[in-house]
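Q: can you look at this prediction? I've put the sequence above it.
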Amino acid sequence: AARTAARPRNSPAPPARGTRVIAAQLDYPFSGRPDTLTLAPPLNGKEQASVNLGFIAYHGKVPVTDYRYLSRSETMRLDWDDPWYTVFANPNLTRHHKSAIMSFLTIAPREVRHEIIFRLRDLGVWTELDLGVSTTLDRAQVEAVIITAERHFATLPPLLIDGKAVKPSSVTALFLEAGAAGVTPVENPRAIDRGSALLGVILAYPHRKLPQSVEMTWELFTDTAQKVPVSVTDPAGPVPDWATPDSPKIGWKNFLKTWTDPQVALVKIGTGRALVLPVLSIALLAFALALIIKAFRSASGRWRWAAAVGVVVVAAVTLSAFTVSVPLPGQPGQKAATDISRAILTNTATAMLETGDAAFAEALDTFVPSEEAEAVGAEMRRGLSVTLPTGAHAITDSIEEVKIEKIEPRANGIDVLARWTANMSGGHWGHQHRRRVSYRGLLDLEETDGVWKLRGLTVLSADLKP
């Protein structure tokens, strides 16, 4: 039988479901330093949680887990000497950055990038950093830590890229925080808790093409970190590895079989307007005409008449075979404008892979007139750049769904109002993010000697797609 809920007469109606969230703080005082704590959610008869409880556990200010669900009673083992090593007995309840030191080596189309996560206390082991006895870092101490970290990591052994020792072109240090969104940069770090402070360093090694081999020698160990996880990522994905004092070298070789290095290309696309000529049929008709003329001039030209008729029949049958398309002057149609816009936008995505100003300018020179390169390049970086939660700039993997809303003809070209979707990816600190961004913009396209170039760009909108 069906059941309905009832409430006492004159009792207030339950509040309507809305977006309001109620927060409660429960304090459980204890004495001493217990070895374990057990968290127990409301349980049903099967010892499973009767409600879904999402949680993040901290020991002091050190995160013990990423965002997880508490589905049953769980026990946390406490390390009071170093809360970083406080863990749950259940190995599924953990954080992304499980180790105190983590290394991420990324081999990308235009650079090799080495990213390292470590703790402030580890930096104190590797350097002569003196921060006094304060438990919180002020602005001046934060800046001193950043400078010390960058100077120290710049002295690391160079990478071997294709057998050649290469020093980083840039070393960037910053404070990080761990939370529900993973590891993210701390914005405007002014007061940092010294005991839980987490840092990251990015070492960039520009490289024009995807290398054939990379080798790294790891030196940064501590008494508690004798086995450092290293994630090596190339266009095919990440591969885990470990560095130890006995085996400090980490290597990568290029075994990619289908990889094509992205390059900007000349955009040679016709307007789509052409005259199709059946060249074989025209040649046969010319031959038939010659036979007819000969038949008129010859007294015995009967066989030439018969041959001419046969050639005409063959010309009619082969009318659609062996044709030649002759381009006609005029403005591009809808399809041609779409193809031209897609090719130009693909070039913009490829150009934005470049990590240096000179290489970026060289890429623009292929599809942007030199007198417009500065303005177009500035608008590309303003309107097409996407910053991910990790602080990384996303790269565009592909351009799709190009739709032309309006075409305005003008001398030597067209102005196009277009929409398109960019599939983007990127990340730092082992977190890979993917985004689909819908753009709308104006493209000023010009044709010179059969090559289309981008004279102007205005990005009108950029929206994330689900």
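A: On my side now, so go ahead.
Q: who's in contact with stretch 391-400?
A: Contact with stretch 391-400 is made by 108, 174, 184-185, 342, 345-346, 349, 352-353, 384-388, 420-428, 433, 435, as judged by C-beta atoms under 8 Å, 6 or more residues apart in numbering. (C-beta placed from N, C-alpha, C; glycine too.)
Q: select only the buried ones of those in ChimeraX?
A: To isolate the buried subset of the contacts of stretch 391-400 in ChimeraX, counting by 16 or more other C-beta atoms under 10 Å, use the following:
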select :108,174,184,185,342,345,346,349,352,353,384,386,388,420,421,422,423,424,426,427,428,433
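Q: which stretches of this protein form helices?
A: 120-126, 139-153, 279-297, 302-317, 334-351, 357-364, 373-383 (DSSP state H).
Q: what comes into contact with the first one?
A: The one in question is helix 120-126. Applying C-beta under 8 Å, 6+ apart, the contact partners of helix 120-126 are 100-101, 129, 131, 145, 148-149, 152, 192, 194-195, 197-199, 220, 222, 225.
Q: please redo it, this time with the cut-off set to 7 Å
A: Among residues not part of helix 120-126, those counted as contacts by C-beta atoms under 7 Å, 6 or more residues apart in numbering are 100, 101, 129, 145, 148, 149, 152, 194, 197, 199, 220, 222.
Q: contact partners for residue 219?
A: Residues 156, 157, 248 are the ones in contact with residue 219 under the rule C-beta under 7 Å, 6+ apart.
Q: that one and residue 121, how far apart?
A: Between residue 219 and residue 121 the computed distance is 18 Å (C-beta to C-beta, to the nearest Å).
Q: same check on residue 89?
A: Noted for residue 89: a distance of 25 Å to residue 121, by C-beta to C-beta.
Q: the two: which is more packed in?
A: residue 121 (17 against 11; other C-beta atoms under 10 Å).
Q: which residues of the stretch 251-400 of the chain score low on pLDDT?
A: For the stretch 251-400 of the chain, the stretches with pLDDT under 70 are 271-285, 287-288, 290-331.
Q: give me the pLDDT for the residue nearest the centre of the chain.
A: The residue at the geometric middle of the chain, judged as the C-alpha nearest the mean C-alpha position with C-alpha atoms, centre = their mean, is residue 425 (1.8 Å). The predicted local distance difference test score for residue 425 is 89.
Q: what sits closest to it if chain neighbours are left out?
A: Once flanking residues are discounted, residue 425 sits nearest to residue 434: 4.8 Å by C-beta to C-beta, 6 or more residues apart in numbering.
Q: same thing with residue 142?
A: Beyond its immediate neighbours in the sequence, the residue positioned closest to residue 142 (C-beta to C-beta, 6+ apart) is residue 189, lying 5.1 Å away.
Q: quote the end-to-end distance of stretch 246-255.
A: Using C-alpha to C-alpha, to the nearest Å, the gap from the first to the last residue of stretch 246-255 comes to 26 Å.
Q: and the angle from the lengthiest strand in the chain to helix 373-383?
A: Taking residue count as the measure and DSSP state E as the definition, the longest strand of the chain comes out as strand 431-448. Orientation of strand 431-448 against helix 373-383 (axes from the mean of the first three to the mean of the last three C-alpha atoms, to 10 degrees) gives an angle of 150 degrees.
Q: what about strand 431-448, average pLDDT?
A: With pLDDT averaged residue by residue, strand 431-448 scores 91.
Q: verify the contact between residue 439 and residue 418 for me.
A: No - the pair residue 439 and residue 418 does not pass the contact test of C-beta atoms under 7 Å, sitting 8.3 Å apart.
Q: what about residue 237, neighbour count?
A: If you count neighbours by other C-beta under 10 Å, residue 237 ends up with 8.
Q: for residue 256, see how far away it is.
A: Distance of residue 237 to residue 256, given as C-beta to C-beta: 11 Å.
Q: ditto for residue 77
A: Here residue 77 is placed at a distance of 43 Å from residue 256 (C-beta to C-beta).
Q: what segments of the stretch 101-250 of the chain are strands?
A: Remark: strands assigned in the stretch 101-250 of the chain by DSSP state E, counting those that start in this stretch are 102-107, 111-119, 136-137, 159-161, 164-166, 170-179, 182-185, 192-193, 198-206, 213-217, 228-234, 237-243, 249-253.
Q: and the ones you listed, which one averages the lowest pLDDT?
A: For the strands of the stretch 101-250 of the chain, the weakest mean pLDDT is recorded on strand 182-185, namely a mean of 79.
Q: pairing partners for that strand, with directions?
A: Here the strand partners of strand 182-185, with direction, are listed using DSSP bridges: strand 170-179 (antiparallel).
Q: quick one: distance of the partner strand to the chain centre.
A: Strand 170-179 sits 19 Å away from the centroid of its parent chain (C-alpha atoms, centre = their mean, to the nearest Å).
Q: about what we covered before: which of the contacts of helix 120-126 are buried?
A: 100, 101, 129, 145, 148, 149, 152, 194, 197, 199, 220, 222.
Q: am I right that the first one is in contact with residue 224?
A: Yes - assessed by C-beta under 7 Å, residue 100 is found in contact with residue 224 at 6.4 Å.
Q: wait, what's in contact with residue 157?
A: Applying C-beta under 7 Å, 6+ apart as the definition, the contact partners of residue 157 turn out to be 217, 219.
Q: hmm, I typed the wrong one, I wanted residue 334.
A: Residue 334 neighbours (C-beta under 7 Å, 6+ apart): residue 404.
Q: chain center to stretch 431-441: distance?
A: Stretch 431-441 has its C-alpha centroid displaced from the chain centroid by 8 Å (C-alpha atoms, centre = their mean).
Q: near residue 355, how many other residues are there?
A: Around residue 355 sit 19 other residues, with neighbours defined as other C-beta under 10 Å.
Q: oh sorry, the question was meant for residue 364
A: Burial measure for residue 364: 24 neighbouring residues, criterion other C-beta under 10 Å.
Q: now residue 165
A: Neighbours of residue 165 under the rule other C-beta under 10 Å: 10.
Q: my read: it touches residue 156, true?
A: No - using C-beta under 7 Å, residue 165 makes no contact with residue 156, being 11.7 Å away.
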